[in-house]
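S.K.: sequence plus predicted model, see below.
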Amino acid sequence: MRATVMYGAGDVRVEEVPDPRLREPTDAVVRIVRSCVCGSDLHPYHSMKRRDRGVPMGHEFLGVVEELGSEVSGVRRGDLVVAPFVWSDNTCEFCREGLHTSCRRGGVFGGGQAEAIRVPQAAGTLVRLPVAEDSALLPSLLTLADVYGTGHHAARLGRVGPGTTVTVIGDGAVGLLAVLSARRMGAERIILMGRHISRTDLGREFGATDVVAERGEEGIERVRELTGGDGTHAVLEAVGHMPAYEMAVGVVRPGGVISRVGVPQYEAAPVGFGSLFGGNITLTGGPAPVRAYIEELLPDVLEGRVEPGRVFDRTVGLDETPEGYRAMDDREALKVLVTP
Ligand SMILES: [Zn+2]
């Protein structure tokens, strides 16, 4: 089969690889119907050291179950299913707490930008989708694999609810879906910090009440002006670089929450009196256990109340996946959908 493989920074290829096979009785093999390029795929695209054996890419996919191990229950051959970007058994104590990203038998997918994939812990991982393989809902359903669930996680950990004021930092797919999620949870005011107008326009349609294009001290100043000097109850940080963290500290209201879902590209950050402690600020966030949220988020997608798939603004065939990376990296595309 064909699969997307990265050999080093800027070097993505589509090549023939062995077909995936069942290895464990808990595995399934899924034929991929839709996958996509993630903002987090761009980190290795910038920094990966050259290697002789490439790394299979892609952790967001939906597809049709082709083969099932003898111990897999709950899904059948021919089912259209979505997988979260982390596989999990959905039964261990962490999964029962809703923390599937820490599953004792879990792991992170690679190889989703391909024609097919082996899914470990298939019974716990795969969620059946009650639509046909050619449904117009596929792009929105695919966002349940990562970006919509991640935006939801940001808002949930940010304790967003009716009456809450929220700042979302970042106008990538996750930031925009954090806006949608905050709106869905009843936030009263949502300030989106981002400077790509086509993206912040979509953010407004998803529920942002204000857009702040300025960054750094100027951006902080602007959010403070909009909130009577106090900042917002919740800050959802969907970038991961230090300047975004510094802005989050600058715009959070005393007693508020900074919820990070952008993968931090730093280890050390201010947490002392002048940054978090003095204002009783809560710092939270992490990789989203999206498996815990799919059943909750699915009905609104199926019934068209939300359309998170609007973050996809380009579609490529599998053979053009390298072009999809380039387009996202050059900010020509917000998020690239891949069809087989
Ligand atoms: Zn588990």
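M.R.: Looks like it came in fine. What you see is a predicted model; the values in this text were computed from it and never measured. Numbering: from 1, shown residues only.
S.K.: nearest residue to Leu99 in space, please, no chain neighbours.
M.R.: In space, and not counting its chain neighbours, Leu99 is closest to Pro289: 5.3 Å by C-beta to C-beta, 6 or more residues apart in numbering. No exception for glycine: its C-beta is placed from N, CA and C like everyone else's.
S.K.: for the ion, see how far away the one you found is.
M.R.: Counting by C-beta to the ion, to the nearest Å, the gap from Pro289 to the ion is 10 Å.
S.K.: wait, is Val33 part of a strand?
M.R.: Yes - going by DSSP: H, G, I helix; E, B strand; the rest coil, the assignment for Val33 places it inside a strand.
S.K.: tell me the contacts of the closest residue to it other than its chain neighbours?
M.R.: Spatial nearest neighbour of Val33, chain neighbours left out: Gly63 (4.6 Å); criterion: C-beta to C-beta, 6+ apart. Taking C-beta atoms under 8 Å, 6 or more residues apart in numbering, we find Gly63 in contact with Val30, Arg31, Ile32, Val33, Arg34, Leu80, Val81, Ala116, Ile117.
S.K.: run the chain-centre distance for the helix or strand containing the first one.
M.R.: What it means is Val30. Secondary structure assigned from DSSP states H and E places Val30 in strand 28-36. Strand 28-36 sits 17 Å away from the centroid of its parent chain (C-alpha atoms, centre = their mean, to the nearest Å).
S.K.: my read: Gly54 touches Thr4, true?
M.R.: No - judged on C-beta atoms under 8 Å, Gly54 makes no contact with Thr4 at a distance of 9.0 Å.
S.K.: give me the more crowded residue out of these two.
M.R.: Neighbour tally, Gly54 and Thr4, criterion other C-beta atoms under 10 Å: the higher count belongs to Thr4, 29 against 19.
S.K.: for the helix or strand harbouring that one, packing partners?
M.R.: Counting by DSSP H and E, the element that carries Thr4 is strand 2-8. With contacts taken as 3 or more C-beta pairs under 8 Å, 6 or more residues apart in numbering; DSSP states H and E, strand 2-8 sits against strand 11-16, strand 55-56.
S.K.: how far is that strand from where the chain is centred?
M.R.: On the basis of C-alpha atoms, centre = their mean, strand 2-8 sits 21 Å off its chain's mean C-alpha point.
S.K.: show residues contacting that strand.
M.R.: So strand 2-8 is in contact with 12-17, 44-45, 48-52, 54-58, 111, 113-115, 318-319, 321-322, 338, going by C-beta under 8 Å, 6+ apart.
S.K.: with stretch 131-142 instead?
M.R.: Contacts of stretch 131-142 (C-beta under 8 Å, 6+ apart): 33-36, 60-62, 64, 80, 82, 129, 148, 298, 301-302, 306-310, 312, 337.
S.K.: for Val82, which three-state class applies?
M.R.: Under three-state DSSP, Val82 comes out as strand.
S.K.: the ion contacts on the stretch 101-250 of the chain?
M.R.: Proximity of the stretch 101-250 of the chain to the ion (C-beta under 5 Å from the ion) is limited to residues Cys103.
S.K.: list the contacts for whichever residue of the stretch 101-250 of the chain sits closest to the ion?
M.R.: Nearest residue of the stretch 101-250 of the chain to the ion (C-beta to the ion) works out as Cys103 at 3.0 Å. Shown in contact with Cys103 (C-beta under 8 Å, 6+ apart): Val86, Trp87, Ser88, Asp89, Asn90, Cys92, Phe94, Cys95, Gln121, Gly124.
S.K.: any idea which element the fifth one lies in?
M.R.: Asn90 is located outside every helix and strand, with elements delineated by DSSP H and E.
S.K.: any idea how far Ser88 is from the residue nearest to it when sequence neighbours are not counted?
M.R.: Leaving out its chain neighbours, the residue that sits closest to Asn90 by C-beta to C-beta, 6+ apart is Gly124, at 3.2 Å. From Gly124 over to Ser88 the distance is 5 Å, taken as C-beta to C-beta, to the nearest Å.
S.K.: repeat that for Leu297.
M.R.: 17 Å.
S.K.: mind listing the helices for this protein?
M.R.: Secondary structure of the chain by DSSP state H: the helices cover 42-47, 93-96, 122-125, 138-142, 147-157, 173-184, 197-206, 216-226, 242-251, 294-302, 321-329.
S.K.: most tightly packed of the ones you listed?
M.R.: Looking across those with neighbours counted as mean count of other C-beta atoms under 10 Å, the highest average goes to helix 173-184: a mean of 30.
S.K.: for that one, what is the average pLDDT?
M.R.: Computed over helix 173-184, the mean pLDDT rounds to 98.
S.K.: how close does the nearest residue to Leu80 once chain neighbours are set aside get to Ala145?
M.R.: Ranked by C-beta to C-beta, 6+ apart and with sequence neighbours excluded, the top spatial neighbour of Leu80 is Leu129, at 4.7 Å. For Leu129, the distance to Ala145 equals 11 Å [C-beta to C-beta].
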